[in-house]
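Peer 1: show me the folded form of this:
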Amino acid sequence: MDQEVEVPSYFVCPISMQIMRDPVTVCTGVTYERESIEKWIYKLRKNTCPATMQVLHNRQLTPNHTLRRLIQQWCIANSSMGVPRIATPDSPVDADQLNELLRDIEVSPEPPFRLNALKKLRSLADKSETNKRFIASSKAPAALISVIENQSTEADETGCFYDVAVACVEALRILHSLHLSDEVVETLVSTRCLASLGSILKRGTSKARFHAAVLLQKASMKSVQQIVMNSNDDLIEGLLEMVTEEVCHKATVAALQVLTTMSINSRRSRMKTIEVGAVSILIESLPEQTSERKSTCEWMLCLLDVLCRCAEGRVAIVGHAMGIPAICKKIFRVSQSATEKAVRILWSLCRFCPSERILREMLHVGAVTKLCMVLQADCTPKTKCKAKEMLNLHGNCWRSSSCVPSRMYPSK
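Peer 2: Model (predicted):
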């Protein structure tokens with residue numbers, strides 16, 4: 001606004017404190033901006049009215065057309081004062097409009113027509129939380145999953161590789177944005193769909209791979225056992241490629257989280273992750289992780305810690321020239337969580353494969369000195385206990401070394 005204009009208080013949303021463009025009224029009688037109250041109810045998962053703190057017995061949002069017209073008229077009357085005009089908001093998506101788009105998605109023989117329908121569906125989903133919930137409760141998720149499952153076959157049959165690939169990206173993006181029901185997640189983690197997702201993770205475009213990884217992250221929170229049961233080699237290898245290529249920070253964290261969850265819940269997944277070279281990939285990626293990207297580093301160390309639960313994982317770590325130095329370097333360098341995970345990995349090595357070479361290497365790279373420092377630092381009791389156990393177990397090997405000050409070494 002060019003000049004100071006006094007805005008009527010009832011034109012202002014109690015949450016955003018901005019003039020309302022699409023006012024809606026909740027069951028308590030208070031009016032809010034649609035976007036603000038939808039975020040409060042659906043994203044923040046609140047069940048109370050923000051202004052009165054009364055419990056919302058239902059989540060129905062009733063458009064306040066009278067107030068919207070008053071706001072629009074007031075904006076027009078004060079446009080000379082620099083007040084921008086407010087356009088009439090689009091109506092929420094209805095069943096007929098959605099069914100027409102789904103028909104084009106499900107039965108259209110030409111990829112370009114399907115792509116246009118998917119883009120229109122994404123546009124509708126992006127407009128409001130109400131649209132997203134309506135789309136999620138319809139047959140749309142099943143149609144979108146079908147697009148993902150059939151993408152390779154359709155590309156071979158039609159030769160329209162670009163259109164089919166972009167259609168797959170659109171389907172993944174829409175699914176990623178929706179609140180998926182348990183039934184939809186069960187379909188998403190079926191053998192056929194996971195095979196397609198694995199193929200996308202290995203050979204898809206950057207956008208497709210990003211949305212596939214984040215979608216799997218969401219699914220793993222609800223149905224990890226099904227993912228483990230129906231997973232394939234492409235899926236695990238594709239997730240690891242997401243870590244090495246670093247499409248983006250969010251995708252890397254998503255891939256690491258899915259791999260960690262799968263490895264925790266299944267020895268078969270853990271062994272397969274080790275077989276495809278996960279340990280080397282993680283160790284070689286660790287030095288690049290700094291405190292600015294601490295969540296990536298924490299998840300890498302977490303996955304290494306899980307892989308250390310079997311002998312093959314421990315052998316892979318100690319067999320890598322950078323294994324112990326890379327892990328040791330992260331102690332006190334990234335975060336307390338990273339320090340604790342690094343100590344747990346060293347504890348696994350010292351406890352289950354304490355060869356003379358490993359113990360001497362830990363001494364040489366400063367790991368023993370850092371373990372002494374852990375005892376004095378603000379770490380959890382479990383971490384301190386593991387550090388003390390290592391120092392006591394191998395005291396005969398480390399005590400006489402000049403690298404470890406006698407005053408820092410715990411007495412017997």
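Peer 1: all contacts plus neighbour counts: C-alpha atoms, from now on.
Peer 2: Noted.
Peer 1: tell me the centre residue of the chain?
Peer 2: residue 254 (4.3 Å; CA atoms, centre = their mean).
Peer 1: quick one, strands of this protein?
Peer 2: All strands of the chain, identified by DSSP state E, fall at 23-25, 31-33, 62-63.
Peer 1: buried deepest among those, which one?
Peer 2: With neighbours taken as mean count of other CA atoms under 10 Å, the strands of the chain reach their highest mean count in strand 31-33, at a mean of 27.
Peer 1: what's that strand packed up against?
Peer 2: Applying 3 or more CA pairs under 8 Å, 6 or more residues apart in numbering; DSSP states H and E, we find strand 31-33 packed against strand 23-25.
Peer 1: what does the strand it packs on rub up against?
Peer 2: Applying CA atoms under 8 Å, 6 or more residues apart in numbering, the set of residues contacting strand 23-25 from outside is 31, 32, 33, 34, 61, 62, 63, 64, 65, 67, 68.
Peer 1: which non-adjacent residue is nearest residue 368?
Peer 2: For residue 368, ignoring the flanking residues on the chain, the nearest one in space by CA to CA, 6 or more residues apart in numbering is residue 362 at 6.1 Å.
Peer 1: the one you found - how many residues pack around it?
Peer 2: 20 (other CA atoms under 10 Å).
Peer 1: tell me which residues touch it, please.
Peer 2: With CA under 8 Å, 6+ apart, residue 362 has these contacts: 324, 325, 368.
Peer 1: so the first one touches residue 314, yeah?
Peer 2: The one in question is residue 324. No - contact criterion CA atoms under 8 Å: residue 324 and residue 314 do not qualify, at 10.7 Å.
Peer 1: check which residues of stretch 357-365 are buried.
Peer 2: Within stretch 357-365, the residues that qualify as buried are 358, 359, 361, 362, 363, 365, counting by 16 or more other CA atoms under 10 Å.
Peer 1: of those, which is the nearest to residue 78?
Peer 2: For the buried residues of stretch 357-365, the closest approach to residue 78 (CA to CA) belongs to residue 365, at 70.9 Å.
Peer 1: hang on, the earlier thing: quick one, what contacts the residue nearest to the centre of the chain?
Peer 2: So residue 254 contacts 213, 214, 216, 217 (CA under 8 Å, 6+ apart).
Peer 1: change it to 10 Å
Peer 2: 210-218, 220, 239, 242-243, 260, 296, 299 (CA atoms under 10 Å, 6 or more residues apart in numbering).
Peer 1: against residue 198, how distant is it?
Peer 2: 14 Å (CA to CA, to the nearest Å).
Peer 1: any idea how far the closest residue to residue 337 other than its chain neighbours is from residue 278?
Peer 2: Residue nearest to residue 337 in three dimensions, not counting chain neighbours: residue 298, with 6.7 Å by CA to CA, 6+ apart. Note on residue 298: its distance to residue 278, by CA to CA, is 15 Å.
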